[in-house]
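Novice: structure here, sequence nowhere to be found:
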């Protein structure tokens, strides 16, 4: 309630000029700090509770333990951890700058927030019998936050941004078979990744991609005089396919029958090259619209793409997302 009231209070800069709400303060403002901290804590608490209810409460709890998952999901989940920590650090940094916090303080605050949020998930994993605390996940979480901080220190901007995309994928209608018992491939996918649009967007590794989107203009030596579009990026993407289990395409039904489809549906990795847009560099005058568009910069835009995968296939996609 306090934070909501503070939204309508006038806020002034150091020289007593009234600040636009979306303008960063030039010195630390306690009102903005309270707004930012309370909003961030509320989102963190709500997300943690929601995540526990969605992922963990229906699974058996155990003593805290470690789990080596570096070879799981063809490492796609590690790319996801890196991107998530990077994005959380970005938003935390923007919030810290808005309060008027000095750059160094803002960066290390954001690093702590990004790495800390992801560490909470790892602690939950550590008490879940189904999973466990992953040193690999912590390493990639830390790397994601560190990449953001390093770019701000080196370039005072984000020249390489991590993004996500998802493609609608129709699972095969075939069956796995053992001892005369059949098991639908689509049923297996639904059990792993869910059936709803929201679930699939966040959980279906077979239809997701993580991208490192590079802003070409920002690397040019004479960039201010260059006619190269400021907003045009080149993106390198990573994805996986035919993945129906963590370590291999094998599972067991309630009767103890074991199904394995590694030979019929070999797991593979995708490496992609595509165009993208850096929405933070679009020339938008309206502050509110600019803020909204900039905040969506973690989403990779649909564009033509070139794919090479470990099945030995080279593909061109006229439009790929």
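Specialist: Great, that's in hand. This one's a predicted model, so the numbers in the text were calculated from it and none came from an experiment.
Novice: how about the spatially most central residue of the chain, what does it touch?
Specialist: Closest to where the C-alpha atoms of the chain average out (Cα atoms, centre = their mean) is residue 84, at 3.4 Å. By Cβ atoms under 8 Å, 6 or more residues apart in numbering, the contact list for residue 84 reads 118, 141, 144. Yep, even glycine has a C-beta here, placed from its N, CA and C like the rest.
Novice: of those residues, which is the most crowded?
Specialist: Neighbour count (other Cβ atoms under 10 Å) singles out residue 141 as the most crowded of the contacts of residue 84, with 27 neighbours.
Novice: does it really touch residue 118, like I thought?
Specialist: Yes. Here residue 141 reaches residue 118: they are 3.8 Å apart, a contact under Cβ atoms under 8 Å.
Novice: list the buried ones in stretch 291-308?
Specialist: Going by neighbour count (16 or more other Cβ atoms under 10 Å), the buried part of stretch 291-308 is 297, 298, 299, 300, 301, 302, 303, 305, 307.
Novice: end to end on that stretch, go ahead and measure it.
Specialist: This stretch, stretch 291-308, spans 35 Å end to end (Cα to Cα, to the nearest Å).
Novice: related to what we said a few turns ago, nearest to residue 128 among the buried residues of stretch 291-308?
Specialist: Nearest to residue 128 among those, counting by Cβ to Cβ, is residue 298 at 27.2 Å.
Novice: separation between the closest one and residue 186?
Specialist: Separation of residue 298 from residue 186 (Cβ to Cβ, to the nearest Å): 30 Å.
Novice: can you check residue 130 too?
Specialist: Applying Cβ to Cβ to residue 130 and residue 186 gives a distance of 23 Å.
Novice: go on, residue 20?
Specialist: 52 Å.
Novice: of those two, which one has the most company?
Specialist: Higher neighbour count among residue 20 and residue 186: residue 186, with 14 against 9, using other Cβ under 10 Å.
Novice: helix, strand, or coil at that one?
Specialist: helix (DSSP: H, G, I helix; E, B strand; the rest coil).
Novice: mind pulling up the pLDDT for it?
Specialist: Looking at residue 186, its pLDDT is 93.
Novice: the domain parsing of this structure - what is it?
Specialist: Taking automatic domain parsing as the reference, the chain has its domains at 1-156, 158-321.
Novice: and the shortest one, average pLDDT?
Specialist: In this case it means domain 1-156. Mean predicted confidence for domain 1-156 is 84.
Novice: may I see the buried residues of stretch 291-308 organised as CSV, with secondary structure and pLDDT added?
Specialist: Formatted as CSV, these follow (DSSP: H, G, I helix; E, B strand; the rest coil; pLDDT from 0 to 100):
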residue, secondary structure, pLDDT
297, coil, 96
298, coil, 95
299, strand, 95
300, coil, 96
301, coil, 95
302, coil, 95
303, strand, 96
305, strand, 97
307, strand, 97
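Novice: which one of those residues sits closest to residue 248?
Specialist: Using Cβ to Cβ, the buried residues of stretch 291-308 come closest to residue 248 at residue 307, 23.4 Å.
Novice: quick check: that closest one vs residue 313, distance?
Specialist: Residue 307 is 8 Å from residue 313, where distance means Cβ to Cβ.
Novice: now swap in residue 170 and tell me
Specialist: On the measure of Cβ to Cβ, residue 170 and residue 313 end up 18 Å apart.
Novice: likewise residue 181?
Specialist: In terms of Cβ to Cβ, residue 181 sits 32 Å off from residue 313.
Novice: which strand or helix spans residue 161?
Specialist: strand 160-166 (DSSP states H and E).
Novice: which strands or helices does that strand pack on?
Specialist: helix 76-98, helix 135-155, strand 208-215, strand 232-241 (3 or more Cβ pairs under 8 Å, 6 or more residues apart in numbering; DSSP states H and E).
Novice: run through who's touching the next helix-or-strand element following it.
Specialist: For strand 160-166, the following helix or strand on the C-terminal side (DSSP H and E) is strand 175-178. For strand 175-178, the surrounding residues in contact (Cβ under 8 Å, 6+ apart) are 182, 183, 184, 185, 188, 257, 258, 259, 260, 261, 264.
Novice: partners of the second one in the sheet?
Specialist: When bridges are taken as DSSP bridges, the partners of residue 183 come out as residue 176.
Novice: might one say that it is in contact with residue 253?
Specialist: Yes. When contacts are counted by Cβ under 8 Å, residue 183 is listed as touching residue 253 (6.2 Å).
Novice: which neighbours do those two share?
Specialist: residue 259.
Novice: relative to residue 59, how far out is residue 255?
Specialist: 21 Å.
Novice: related to what we said a few turns ago, pLDDT (mean, whole number) over the strand holding residue 161?
Specialist: pLDDT averaged over strand 160-166 gives 96.
Novice: what does it contact?
Specialist: Under Cβ under 8 Å, 6+ apart, the answer for strand 160-166 is 82-83, 86-87, 144, 147, 151, 200-201, 204, 207-215, 233, 235, 237, 276, 278, 297-300, 302, 320-321.
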